[in-house]
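Return atomic coordinates for the entry below.
(one chain, ligands or ions: 1)
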Amino acid sequence: MISRIQRWTALGLTTLALTACSGGPAPAPKASGKPDRQSAVPTLAPGPQGLTPVFASGPGIPGRPTVALTFDADMTADQGPRAAAGERFDNPALVDTLRELKVPATFFMTGRWAEEYPDQARAIGRDKLFEVANHSYSHYAFTADCYGLPHLPADRVRADVDRAFAAFRRAGVPRPVPYFRFPGGCYDQAALRALAPSGVTAVQWDVVSGDAFATDPDAVARQVLEGVGPGSVVVMHCTRSAAPTTERAVRAIVPELRKRGFHFVKVSDQIGAARARS
Ligand SMILES: [Zn+2]
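Numbering: from 1, shown residues only. Model (predicted):
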């Protein structure tokens, strides 16, 4: 359901992402390619007219093909009653599997999700294998027409993003990274302008896993394996409710990509590599 947006992104704003890398000191990844956790998390410089920069995929690290799996922990502001009725928006088995397979990952978490599952948010945030990024508080759309999501007006964007970071802090996530994923992946110039005061780097993707509402984990795995190249960012979900096959798909994807020589990294590693090459 995201492929339309992905095509638009690939054709449009990926260029902005890669041209927005100039300015500011490049981070200094260690020889291993892993980020120095003591240094600032790498971000992209603002785009033209100070617009929020957008990162979709990286150039990769020469001789060391990398791929970043990202998981959107979706829960919308008005889904509390559904959670209370037993619907599960979390996916602890997926997180356990990533740990078992030692796969670094970036979680784009809504503030509402962190409020519903504070223990899990904290555990993910405290695990050096993972990083927690912002997926808005409400999971309302930043454009008027986005898969039927309620529309968040531009004058409420800053507060919504801040509210998500506040929810992470309350849950005990120690250092959320300053990255942001648009709900539904929907954005335009106005959304990039409204988001700019938040100082985040927007993160899209170049590989759509198709795990949303999927019923066949093998089909999800196939789609990922066909799409991944060096520097890729893969979008998946960390919510059993809307993505019930993701954990099984990950079990198929990880060994196959390792067999092909890929190393799993976090989004911050991909952005760090992009900046180092710019
Ligand atoms: Zn989402």
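
all strands for the stretch 51-200 of the chain, in order.
Taking DSSP state E, counting those that start in this stretch as the criterion, the stretch 51-200 of the chain contains strands spanning 54-55, 66-73, 105-109, 130-134, 179-180.

can you redo these as TSV with mean pLDDT?
Formatted as TSV, the strands of the stretch 51-200 of the chain follow (pLDDT from 0 to 100):
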stretch	mean pLDDT
strand 54-55	97
strand 66-73	98
strand 105-109	98
strand 130-134	98
strand 179-180	98
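
which one of those lies closest to G148?
Closest of the strands of the stretch 51-200 of the chain to G148 is strand 66-73, at 16.7 Å (criterion: Cβ to Cβ). No exception for glycine: its C-beta is placed from N, CA and C like everyone else's.

got the buried residues for the closest one?
66-73 (16 or more other Cβ atoms under 10 Å).

Is that strand in proximity to the ion?
Yes. With Cβ under 5 Å from the ion as the criterion, the ion is reached by strand 66-73 at D72.

What is that strand packed up against?
Strand 66-73 sits against strand 105-109, strand 232-237, helix 246-259, strand 263-265, helix 267-277, with contacts defined as 3 or more Cβ pairs under 8 Å, 6 or more residues apart in numbering; DSSP states H and E.

Now do the contacts for L225.
Applying Cβ atoms under 8 Å, 6 or more residues apart in numbering to L225 gives the contacts 253, 256-257.

so how far is whichever strand or helix holds it off the chain centroid?
Following DSSP states H and E, one finds L225 within helix 217-227. Here the centre of helix 217-227 is set off from its chain's centre by 18 Å, with Cα atoms, centre = their mean, to the nearest Å.

and among the helices and strands packed on strand 66-73, the most buried is which?
strand 105-109 (a mean of 28; mean count of other Cβ atoms under 10 Å).

so what strands line up beside that strand?
Strand 105-109 has the following strand partners under DSSP bridges: strand 66-73 (parallel), strand 130-134 (parallel).

Out of the contacts of L225, which comes closest to S198?
I253 (31.8 Å).

dump the residue contacts of the closest one.
Contact analysis of I253 by Cβ under 8 Å, 6+ apart lists 69, 221, 224-225.

List just the nearest of those residues to the ion.
The ion lies nearest to L69 out of the contacts of I253, by Cβ to the ion, at 15.1 Å.

Just list whatever residues bridge to that closest one.
V234.

Return the residues in contact with the closest residue to A154 other than its chain neighbours.
The shortest distance from A154 to any non-neighbouring residue, by Cβ to Cβ, 6 or more residues apart in numbering, is to A194 (4.0 Å). For A194, the contact set (Cβ under 8 Å, 6+ apart) comprises 142, 154-155, 157-158.

tell me which parts of the stretch 1-150 of the chain are close to the ion?
72, 74.

try 6 Å
72, 74, 135, 139 (Cβ under 6 Å from the ion).

From the ion, how far off is R82?
In this view, R82 and the ion are 15 Å apart by Cβ to the ion, to the nearest Å.

Also Q189?
Using Cβ to the ion, Q189 is found at 21 Å from the ion.

Return the residues in contact with the closest residue to that residue other than its chain neighbours.
Once flanking residues are discounted, Q189 sits nearest to L51: 6.9 Å by Cβ to Cβ, 6+ apart. By Cβ under 8 Å, 6+ apart, the contact list for L51 reads 16, 189, 192-193, 196.

Repeat the analysis, applying 6 Å as the threshold.
192-193, 196 (Cβ atoms under 6 Å, 6 or more residues apart in numbering).

and what of P230?
Contacts for P230 (Cβ under 6 Å, 6+ apart) come out as 60, 65.

now it: how far from L195?
Here the criterion is Cβ to Cβ, to the nearest Å. By it, P230 lies 28 Å from L195.
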